[in-house]
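Asks: Generate a structure from the sequence data that follows.
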Amino acid sequence: MTTRPKVAVDLTGTRVTALVTLYLRWLDSREKHPILGDPWAARVVQGLDFDFASLRSWAMDAGRFNVAVRTRILDEWVAAYLAGHPGAVVLDLGCGLDSRVFRIDPPPGCAWFDVDLPEVIAVRDQLYPARAGHTSIGASADEPAWLAGVPADRPVVAVADTLLMWLSKEQVGRLIRQVVEHFPDGELVVNAYSRAVKQRLDRRPGPVFGKYGAVMGWTIEEPEEVELFDDRLGLAEERSQLDPRLLARSPLPYRLMFRLVNAVPAWRHEGRVLKYAWSTDRRPAARRYR
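Replies: Here you go, the predicted model:
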């Protein structure tokens, strides 16, 4: 029996976040009661020639919970959209090394596009099998050219898990406008962070982000700020990355810590999971998280 060689990986800058989030999904998958339970995380970690032990720290250990929570929420929103629109387009913007298309297993007729920088896609395509209806695109998500090959006559659900925080405000606005203008209607599901998170990372980027040169960019203080990028967008739902219902699966010391964080609105809203919608004939009423 031959052993498949590991895939070499040399990612720097914001590209390294693909390895970080993979590592955190893997940590979650090893829990007795995982929040996300990504069945692909272990085999992808094992398939890479990278020293994941270099990422180990207390902050990373705690970070697996909010990564698992936000990813599960985004998965649920994408799956719910496809249940009502089985022939829709899915854009996974800044997909990294995530197995979302396999976790959700979209129905036949769905056109799924994973979009990330060419260096990330080159690694990703060596780790996952091909599947019908799935296309990888190696490009910067905020560049307009790659959208030319994506059908424009279907509804879309566009997911950006972690991507937007590493872009500038100008890049985020350009990307969102491009997506909204390309499709007649759809949903945009994202996660976003507050200015306080950026200030902490700027002061103390830590051994991982400091070593690889990943610098955080865009932040928001209120969800309505995203609507300013395009007036067709309307906030449809907001969830916290520290959702207590999902964190009930975490070990007791972490549950107590997250309970304290959730008790302070400024801390609770440092990380948000947001759903926006648009259509040609209506603007959705906003529903706010409390």
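
Asks: what comes up buried for stretch 194-203?
Replies: Neighbour counts over stretch 194-203 (16 or more other C-beta atoms under 10 Å) mark 194, 198, 201 as buried. (C-beta placed from N, C-alpha, C; glycine too.)

Asks: nearest to Val120, of these?
Replies: Relative to Val120, the closest of those is Leu201; by C-beta to C-beta it sits at 20.8 Å.

Asks: Skipping its backbone neighbours, what lies nearest that closest one in space?
Replies: Once flanking residues are discounted, Leu201 sits nearest to Met216: 4.9 Å by C-beta to C-beta, 6 or more residues apart in numbering.

Asks: Checking my notes, that neighbour in a strand, right?
Replies: No - counting by DSSP: H, G, I helix; E, B strand; the rest coil, one finds Met216 to be coil, located in no strand.

Asks: Can you tell me the SS state at the closest residue to Arg100 other than its chain neighbours?
Replies: Distance criterion C-beta to C-beta, 6+ apart; nearest residue to Arg100, sequence neighbours excluded, is Asp92 at 5.7 Å. The three-state assignment at Asp92 reads strand, by three-state DSSP.

Asks: Could you do Ala141 as well?
Replies: Ala141 - assigned by three-state DSSP - is coil.

Asks: That one and Leu164, how far apart?
Replies: From Ala141 over to Leu164 the distance is 9 Å, taken as C-beta to C-beta, to the nearest Å.

Asks: what is in contact with the two at once?
Replies: Counting by C-beta atoms under 8 Å, 6 or more residues apart in numbering, the residues touching both Ala141 and Leu164 are 94, 175.

Asks: quick one: buried residues of stretch 116-127?
Replies: The neighbour-count criterion (16+ other C-beta under 10 Å) identifies 116-117, 119-121, 123-124, 127 as the buried residues of stretch 116-127.

Asks: Generate a markdown table for those, with secondary structure and distance to Ala80 as supplementary columns.
Replies: A markdown table is the format used below for those (DSSP: H, G, I helix; E, B strand; the rest coil; distance: C-beta to C-beta, whole Å):
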| residue | secondary structure | distance to Ala80 |
| --- | --- | --- |
| Asp116 | strand | 24 |
| Leu117 | coil | 29 |
| Glu119 | helix | 32 |
| Val120 | helix | 27 |
| Ile121 | helix | 27 |
| Val123 | helix | 30 |
| Arg124 | helix | 25 |
| Leu127 | coil | 27 |
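
Asks: Of those, which pair is most distant in space?
Replies: Across the buried residues of stretch 116-127, the longest distance by C-beta to C-beta is 15.6 Å; it joins Leu117 and Leu127.

Asks: still on that earlier bit, of the buried residues of stretch 116-127, closest to Pro265?
Replies: Proximity of those to Pro265 (C-beta to C-beta) peaks at Asp116, which lies at 33.7 Å.

Asks: where does Pro251 land on pLDDT?
Replies: For Pro251, the pLDDT comes out at 88.

Asks: Provide a list of residues in contact with it.
Replies: Contacts for Pro251 (C-beta under 8 Å, 6+ apart) come out as none.

Asks: any idea which element Leu274 lies in?
Replies: Following DSSP states H and E, one finds Leu274 within strand 271-278.

Asks: where exactly do the helices run in the stretch 51-200 of the chain?
Replies: 58-84, 100-104, 118-124, 169-182, 195-203 (DSSP state H, counting those that start in this stretch).

Asks: The strand holding Leu274 pairs with which strands, and in what direction?
Replies: Strand 271-278 has its sheet partners listed here by DSSP bridges as strand 186-193 (antiparallel), strand 234-240 (antiparallel).

Asks: Export that strand to PDB, keeping only CA atoms.
Replies: The C-alpha coordinates for strand 271-278 follow below in PDB (Å, rounded to 0.1, in the frame of the first residue of the first chain):
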ATOM      1  CA  GLY A 271     -17.700  39.300  16.900                       C
ATOM      2  CA  ARG A 272     -20.900  39.200  14.900                       C
ATOM      3  CA  VAL A 273     -22.400  36.700  12.400                       C
ATOM      4  CA  LEU A 274     -24.600  38.600  10.000                       C
ATOM      5  CA  LYS A 275     -27.100  37.800   7.300                       C
ATOM      6  CA  TYR A 276     -28.200  40.400   4.700                       C
ATOM      7  CA  ALA A 277     -30.600  39.900   1.800                       C
ATOM      8  CA  TRP A 278     -31.600  41.800  -1.300                       C
END
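
Asks: what about it, distance to the chain center?
Replies: Distance, stretch centre to chain centre, for strand 271-278: 12 Å (C-alpha atoms, centre = their mean, to the nearest Å).
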